[in-house]
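Asks: next comes the sequence, and after it the predicted model I'd like to discuss.
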Amino acid sequence: MSLRFLSLLLFSSAACLLPAATPRLNVLFIATDDMRPQLGLYGDKVVHSPHLDRLAARGLAFNRAFCQMALCSPSRISLLSGRRPATTKVYTIDPALTVRTHQPDVTTLPQHFKNQGYFTRSMGKIYHVGIDDDASWSVPAWHANQLAPRLGPIGRAAQKQLLTSAKQQNQKLPTKGKGAAGYASPAFEAVDGADDDLLDGACAREAVVQLREFAKKPEQPFFLAVGFSNPHVPWVAPKKYFDLYDPAKLVLPPNNYPPKDAPEWAAQTGSDFLWYAGVPQTKPLPADFGRQCLHAYLAAISYVDAQVGRLLDALDETGLAKNTVVVFWGDHGYYMGEHSWWGGKHNNYHGATRVPLIVAIPGQKTAGRHATGFVELVDLYPSLVELCGLPPPRDAAGLEGTSFAPLLASDPDREWKKAAFSQYRRGGHLGTAMETDRWRYVEWRKGDELVARELYDRRADAAENQNLATRPEHAAVIAQLEKQLAAGWREARP
């Protein structure tokens with residue numbers, strides 16, 4: 001019996017156990033990997049993102065949404081548990097570190113919906129690949145066929161092509177670091193094939209099938225999580241999405257140098273981009289190669305955008321749109337040449353922690369508007385519980401986010417959180433960052449010892465090119481921000 005058939009059978013059985021009642025709001029929970037807010041809805045004039053722009057037109061886009069850690073698994077575990085990294089104690093990607101490693105009895109976001117009678121299902125990358133949580137889902141998580149993690153988000157049709165390309169270059173991965181064995185795939189590839197030949201298209205196809213099955217049982221509420229792997233490197237997408245862009249016209253960021261006067265360990269990102277075949281091992285990257293990278297990254301964004309469009313079309317065609325909350329979120333930000341970082345997050349800077357976030361609810365009065373206040377991914381748990389009218393989970397006292405349902409209901413411009421917070425470990429140091437209306441302030445500690453600070457004036461230096469923390473004229477600002485950071489996220493709540 002196939003997993004797909006089994007999941008549909010179990011869904012039908014679960015639906016029969018529930019009494020008939022007024023349909024509750026469903027949730028379509030869409031995740032994307034490594035996508036910074038480079039979308040038309042956020043004012044980008046180059047990217048082609050018509051379907052995400054369409055979702056924003058029927059929902060609320062959040063201009064200042066931030067993750068709690070700029071790394072896939074820690075960020076996702078934080079979001080899905082409603083707890084911050086300091087509580088989850090998950091600061092890295094490791095199959096041994098799950099949402100329950102340090103909090104075994106936690107009620108996750110999808111688990112709470114399941115406990116309230118929802119059919120919950122995960123398709124694609126929601127938790128991290130190889131790291132999941134069976135208690136969260138009504139049936140086992142579904143993943144499209146894919147290669148080993150080092151070869152990235154590619155499907156069967158691209159497998160032979162990519163392996164051949166890598167072997168022809170005879171370029172092995174570095175001898176040190178994760179994934180050190182075997183051949184590297186190219187950092188990007190325009191595949192002459194259909195959307196469904198690759199991982200994300202296959203995921204969208206199966207999610208559409210599942211939505212149509214849900215539509216046959218309208219009395220059964222659902223929480224469907226659909227996770228796309230693009231635009232995580234390697235940027236592999238059908239050629240038609242590459243054809244949307246002319247790389248010769250793409251403009252590279254001018255600040256191809258690290259933040260000045262920042263601690264050496266802080267002003268870095270991951271080196272995993274350098275693992276891919278054909279990537280020049282130089283900084284900054286040659287301009288022509290950088291434009292090729294940006295070209296591929298934009299193509300990967302447009303590929304994901306098209307898959308989101310398929311899900312939205314399925315909601316409309318089945319009538320599910322009238323009672324389904326749609327959430328689109330990215331797990332963290334990304335750098336594409338700024339500070340000479342390519343394919344990078346792995347730090348505490350604004351560009352690594354700001355994420356795209358859109359929430360659309362049926363009959364939304366604030367549709368098409370943008371929320372201007374700070375929100376954090378850890379806020380999604382209490383927000384969805386409130387939006388769907390569910391009681392709080394049994395361990396609600398442990399939730400560390402704030403419901404932003406009031407922003408969706410009436411006034412997205414109202415005064416909201418005073419700051420957003422994130423953390424990252426680098427060079428044996430734990431950095432805790434806080435962004436306020438004007439400043440980005442970071443404290444780096446080794447154990448209990450404060451060893452360094454960073455301060456960026458985002459009004460005057462939005463690119464965070466100059467650390468001001470050691471300048472005496474900012475001593476008073478540092479003192480004020482130090483107290484605010486010490487007070488933490490609780491005092492920053494609206």
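Replies: Yep, that arrived. Since this is a predicted model, take the numbers as computed values, not measurements. Residues are numbered from 1 along each chain as shown.
Asks: dump the C-alpha coordinates for stretch 270-287 into PDB.
Replies: Only the C-alpha atoms of stretch 270-287 are listed here, as PDB (Å, rounded to 0.1, in the frame of the first residue of the first chain):
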ATOM      1  CA  GLY A 270      28.600  29.800   6.200                       C
ATOM      2  CA  SER A 271      31.000  28.400   3.700                       C
ATOM      3  CA  ASP A 272      28.600  25.800   2.200                       C
ATOM      4  CA  PHE A 273      28.200  27.800  -1.000                       C
ATOM      5  CA  LEU A 274      31.900  27.200  -1.700                       C
ATOM      6  CA  TRP A 275      31.200  23.400  -1.700                       C
ATOM      7  CA  TYR A 276      29.500  23.500  -5.100                       C
ATOM      8  CA  ALA A 277      31.200  22.600  -8.300                       C
ATOM      9  CA  GLY A 278      32.600  25.500 -10.300                       C
ATOM     10  CA  VAL A 279      32.300  28.100  -7.600                       C
ATOM     11  CA  PRO A 280      35.400  30.400  -7.600                       C
ATOM     12  CA  GLN A 281      37.200  30.200  -4.300                       C
ATOM     13  CA  THR A 282      37.800  33.900  -4.200                       C
ATOM     14  CA  LYS A 283      36.300  37.000  -2.400                       C
ATOM     15  CA  PRO A 284      34.600  38.900  -3.800                       C
ATOM     16  CA  LEU A 285      33.300  36.600  -6.500                       C
ATOM     17  CA  PRO A 286      34.000  37.700 -10.100                       C
ATOM     18  CA  ALA A 287      31.100  40.000 -11.200                       C
END
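Asks: need phi/psi at Y424.
Replies: phi -160, psi 150 (degrees, to the nearest 10).
Asks: give me the nearest residue to it, chain neighbours excluded.
Replies: N348 (4.6 Å; C-beta to C-beta, 6 or more residues apart in numbering). Placement of C-beta: from N, CA and C, glycine included.
Asks: contacting residues for the one you found?
Replies: N348 makes contact with A70, A266, S422, Q423, Y424, R426, G431, T432, A433, V442, E454 under the criterion C-beta atoms under 8 Å, 6 or more residues apart in numbering.
Asks: wait, is it part of a strand?
Replies: No. Using DSSP: H, G, I helix; E, B strand; the rest coil, the assignment for N348 is coil, not a strand.
Asks: I figured N255 was touching H339, is that so?
Replies: Yes. If you go by C-beta atoms under 8 Å, N255 and H339 touch, sitting 6.2 Å apart.
Asks: of the two, who's got more company?
Replies: Set side by side, N255 and H339 show more neighbours around H339, with 25 against 16, by other C-beta atoms under 10 Å.
Asks: in stretch 472-491, what's buried?
Replies: The neighbour-count check on stretch 472-491 (16 or more other C-beta atoms under 10 Å) flags H474, V477, I478, L481, Q484, L485, W489 as buried.
Asks: any weak-confidence spans in the stretch 101-250 of the chain?
Replies: Scanning the stretch 101-250 of the chain for pLDDT under 70 picks out the ranges 145-184.
Asks: ok, now with 50
Replies: 146-183 (pLDDT under 50).
Asks: how about the helices of it, start to end?
Replies: In the stretch 101-250 of the chain, the helices defined using DSSP state H, counting those that start in this stretch lie at 109-115, 156-169, 199-215, 239-242.
Asks: quick one: name whatever helix or strand follows the last one.
Replies: Following the chain from helix 239-242 toward its C-terminal end, the next helix or strand by DSSP states H and E is helix 287-318.
Asks: that older thread, now the residue nearest to Y424: how far from M69?
Replies: For N348, the distance to M69 equals 9 Å [C-beta to C-beta, to the nearest Å].
Asks: between the two, which contacts overlap?
Replies: Contacts common to N348 and M69, judged by C-beta under 8 Å, 6+ apart, are S422, Q423, Y424.
Asks: okay if I get those as a markdown table plus pLDDT, neighbour count and distance to D331?
Replies: Below are those laid out as a markdown table (pLDDT from 0 to 100; neighbours: other C-beta atoms under 10 Å; distance: C-beta to C-beta, whole Å):
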| residue | pLDDT | neighbour count | distance to D331 |
| --- | --- | --- | --- |
| S422 | 98 | 31 | 12 |
| Q423 | 98 | 20 | 15 |
| Y424 | 97 | 26 | 14 |
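Asks: L97 looks like it's in a strand, true?
Replies: No. Under the criterion used here (three-state DSSP), L97 is coil, not part of a strand.
Asks: can you report how many residues neighbour it?
Replies: The burial count for L97: 19, using other C-beta under 10 Å.
Asks: next up, the contacts around it.
Replies: S73, I77, V90, I131 are the contacts of L97 under C-beta under 8 Å, 6+ apart.
Asks: correct me, but the first one touches I131?
Replies: By that I understand S73. Yes. In this structure S73 lies within contact range of I131 using C-beta under 8 Å: 5.7 Å.
Asks: which neighbours do those two share?
Replies: Shared contacts of S73 and I131 (C-beta under 8 Å, 6+ apart): I93, L97.
Asks: and these two? which has more neighbours close in?
Replies: S73 (23 against 19).
Asks: what sits against the closest residue to that one other than its chain neighbours?
Replies: In this structure, S73 finds its nearest non-sequential neighbour in H128, 3.8 Å apart by C-beta to C-beta, 6+ apart. Neighbouring residues of H128 by C-beta under 8 Å, 6+ apart: C72, S73, R76, I93.
Asks: top of those residues by neighbour count?
Replies: Tallying neighbours with other C-beta under 10 Å puts R76 at the head of the contacts of H128, with 26 neighbours.
Asks: how near is that one to V308?
Replies: R76 is 18 Å from V308, by C-beta to C-beta.
Asks: repeat for P254
Replies: Per C-beta to C-beta, P254 is found 31 Å from V308.
Asks: and those two? Which one has more around it.
Replies: Neighbour comparison, P254 and V308: the larger count goes to V308, with 25 against 10 (by other C-beta under 10 Å).
Asks: if we can go back for a sec, which ones among the contacts of H128 lie within helices?
Replies: Among the contacts of H128, the ones falling in helices (DSSP state H) are C72, S73, R76.
Asks: could you dump these to a markdown table with pLDDT and distance to A396?
Replies: Shown next, in a markdown table, are the ones in helices among the contacts of H128 (pLDDT from 0 to 100; distance: C-beta to C-beta, whole Å):
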| residue | pLDDT | distance to A396 |
| --- | --- | --- |
| C72 | 95 | 26 |
| S73 | 96 | 24 |
| R76 | 98 | 20 |
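Asks: can you put those in JSON lines and add distance to P392?
Replies: Output for these, formatted as JSON lines (distance: C-beta to C-beta, whole Å):
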{"residue": "C72", "distance to P392": "28"}
{"residue": "S73", "distance to P392": "26"}
{"residue": "R76", "distance to P392": "22"}
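Asks: out of the residues you listed, who's nearest K249?
Replies: For the ones in helices among the contacts of H128, the residue nearest K249 by C-beta to C-beta is C72; the value is 31.1 Å.
Asks: cheers, nothing more for now.
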